[in-house]
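*Asks:* Predicted model and sequence follow; I will ask about them next.
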Amino acid sequence: GQQVMQIPQYQHVQEGEDFTTYCNSSTTLSNIQWYKQRPGGHPVFLIQLVKSGEVKKQKRLTFQFGEAKKNSSLHITATQTTDVGTYFCAGPRGNQGGKLIFGQGTELSVKP
Amino acid sequence: GAVVSQHPSWVICKSGTSVKIECRSLDFQATTMFWYRQFPKQSLMLMATSNEGSKATYEQGVEKDKFLINHASLTLSTLTVTSAHPEDSSFYICSARDLAGVYYEQYFGPGTRLTVT
């Protein structure tokens, strides 16, 4: 069945270091979305990418969608303690009316 | 922006009792809402899709008689965990699609932490 894999599962960085999480889908996706879940919180929508090779930036966050529309990455430059949380990628599940399939998430911890 | 509320935020109940969780879209209409379950340090597992005015569709392995879903209006969906047992303890999160959105972005409620004793 359709799978969305995310690596790494955990990442511990020193404040100021960069961070990247990678997302790989077993199928071509019409779009990919990224969510952030703070500890004890709920997922919050960050961004969606639609076009092949698309790159979008949100301040220190850079999101990329692969040319084949099967992989994506999220890069954070100069991490801050406010970046702590779990980052999930998600893609549409087949043609199933808006359902999403989520990656396992990458938990980021930042040491001050 | 799209806001989804969920009530209660946490609940403790005794084994064998039922618990109702409400999910509301506050500033938009949601014909479709989704119910997820999340265990600690794990990803979100879709339980069911709630459709306004029709029966919910359940994911494989999710007991529909145990997790009753009602989507009575365009802004409210409820999940009732019937005859709860300790293994039902989990973080339950609902989400809704804003149909004004171009694609499938979902807006999540704050979640309900259920503990069954």
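*Replies:* Thanks, I have it. Since the structure is predicted, the reported quantities are computational estimates derived from the model, not experimental observations.

*Asks:* Could I get the contacting residues of residue 87?
*Replies:* Looking at chain A here, since you left the chain open. Counting by C-beta atoms under 8 Å, 6 or more residues apart in numbering or on different chains, A:Tyr87 touches A:21, A:34-37, A:74, A:105-106, A:108. (C-beta placed from N, C-alpha, C; glycine too.)

*Asks:* hmm, I had chain B in mind actually
*Replies:* B:Val116.

*Asks:* Quick one: end-to-end distance for stretch A:17-34.
*Replies:* 21 Å (C-alpha to C-alpha, to the nearest Å).

*Asks:* looking only at pLDDT, what's the mean for the helix or strand where B:Leu46 lies?
*Replies:* When elements are assigned from DSSP states H and E, B:Leu46 belongs to strand B:44-51. For strand B:44-51, the mean per-residue pLDDT is 92.

*Asks:* which outside residues touch stretch A:26-35?
*Replies:* A:2-5, A:23, A:25, A:43-50, A:63, A:65, A:68-70, A:72, A:74, A:87-92, A:100, A:102, B:103-106, B:108.

*Asks:* For the strand holding B:Leu46, which strands pair with it and how are they oriented?
*Replies:* Applying DSSP bridges, strand B:44-51 is found paired with strand B:32-38 (antiparallel), strand B:57-58 (antiparallel).

*Asks:* Distance to A:Ala78 and mean pLDDT added to these, as a markdown table?
*Replies:* Putting these into a markdown table (distance: least, C-beta to C-beta, whole Å; pLDDT from 0 to 100) gives the following:
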| stretch | distance to A:Ala78 | mean pLDDT |
| --- | --- | --- |
| strand B:32-38 | 30 | 94 |
| strand B:57-58 | 44 | 94 |
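
*Asks:* Return the residues of chain A in contact with chain B.
*Replies:* Counting by C-beta under 8 Å from any C-beta of the partner chain, chain A comes close to chain B at A:30-31, A:33, A:35, A:41-45, A:48, A:50, A:88, A:92, A:97-100, A:102-105, A:107.

*Asks:* Fine, thanks again, bye for now.
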